[in-house]
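# Just a sequence and a predicted model for now, questions to come.
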Amino acid sequence: MNINEHFIHGEIDPALVRGLLFDVDGTLSDSDDHMVERVSKILSPFSFLFEQKDHQRFARWLVMAMETPANFFYGLADTIGIDAPIAKLFNWLSQKQHPQNAGREHFKIIPGVNDMLERLSAHFPMAVVSARDSISTDRFLEHFELKSYFQEIVTSQTCRHTKPYPDPVLYAAQKLGLDPKACLMIGDTIVDVQAGKSAGAQTLGVLCGFGTQRELKRAGADLILSTTPDLLQVLLD
């Protein structure tokens, strides 16, 4: 496979990368398609309102449009100190919706992620840096047997502030025993890029999630790839 087919914009210095930090939603988890499916089901009775009855296309646009405001308001909640009760509420809702003995078919994974993590784990220490709650993060990782690849799991309540603040990136780097400058933050949204850059890490944006090429480029992503597993072509091949 030719890296030029998947290389979108920018460059990183692979020689400086000693540790990898992964976002979850849109980076490891195919959560955008799951959300689109849920919104599409809600809109289905009103398909007659859309051109060629294509309510699914509108659902995808709506999910993408909501992601940036959602990140902004969560960051605002973090700033004014009400993110903790919000996270507790989400954890409680997660327990109510998905009890421990419930099926886990609602989880999806980006194709190629399992193989990618297995190969990269032989060369780099790795951590999860997610704005998800701890319960859904653990369930996703356990469901696809990914947890053993990571030395540290950082979620929305691990640090005082979550992304786009640098705190979770700095925390993860410390837990891996690395300088943040030796880490590569990988994510699909501008908050991933902002958190990584403000911590001094190199940043890589992927287009398999919520973020667009324009948004990630404007946020200052050092490199943008089509999908997360393309990282193998950058670091190993």
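All right, it came through fine.

# so Q194 sits in a helix?
Yes. Using DSSP: H, G, I helix; E, B strand; the rest coil, the assignment for Q194 is a helix.

# so it touches P168, yeah?
No. The criterion here is Cβ atoms under 8 Å, and Q194 misses it with P168 at 11.7 Å. The way it works is simple: take the backbone N, C-alpha and C, and place the C-beta from them, glycine included.

# neighbour-wise, which of those two wins?
Neighbours of Q194 and P168, each counted by other Cβ atoms under 10 Å, are more numerous for P168; the result is 28 against 23.

# quick one: contacts for the more buried one?
Remark: with contacts taken as Cβ atoms under 8 Å, 6 or more residues apart in numbering, P168 is in contact with V129, V154, T158, C159, H161, T162, A195.

# From R132, how far off is the second one?
In this view, V154 and R132 are 10 Å apart by Cβ to Cβ, to the nearest Å.

# Check the last one too.
Relative to R132, A195 is positioned 14 Å away (Cβ to Cβ).

# quick one, phi psi at V234?
The phi and psi values for V234, taken as degrees, to the nearest 10, are phi -80, psi -40.

# ok, it touching L225?
Yes. Using Cβ under 8 Å, V234 is in contact with L225, at 7.3 Å.

# Looking at those two now, which is surrounded by more residues?
Using other Cβ under 10 Å as the criterion, V234 and L225 rank with L225 on top: 24 against 18.

# Tell me the predicted confidence for the more buried one.
At L225, the pLDDT value in this model is 96.

# Helices of this structure, start to end?
Applying DSSP state H to the chain gives helices spanning 31-43, 55-79, 83-97, 113-121, 134-143, 167-175, 190-199, 213-219, 231-235.

# burial measure for the closest residue to D179 other than its chain neighbours, as a count.
Nearest non-adjacent residue to D179, counting by Cβ to Cβ, 6 or more residues apart in numbering: A173, 6.7 Å away. For A173, the neighbour count with other Cβ under 10 Å is 27.

# dump the residue contacts of A173.
Counting by Cβ under 8 Å, 6+ apart, A173 has contacts G19, L21, D179, P180, A182, C183, A199, A201.

# What separation do you get for it and R18?
Remark: distance between A173 and R18 (Cβ to Cβ) = 10 Å.

# One more: I190?
Plainly put, I190 is 25 Å away from R18 if you go by Cβ to Cβ.

# what about those two, which has more around it?
Ranked by neighbour count (other Cβ under 10 Å), I190 and R18 place I190 first, with 25 against 17.
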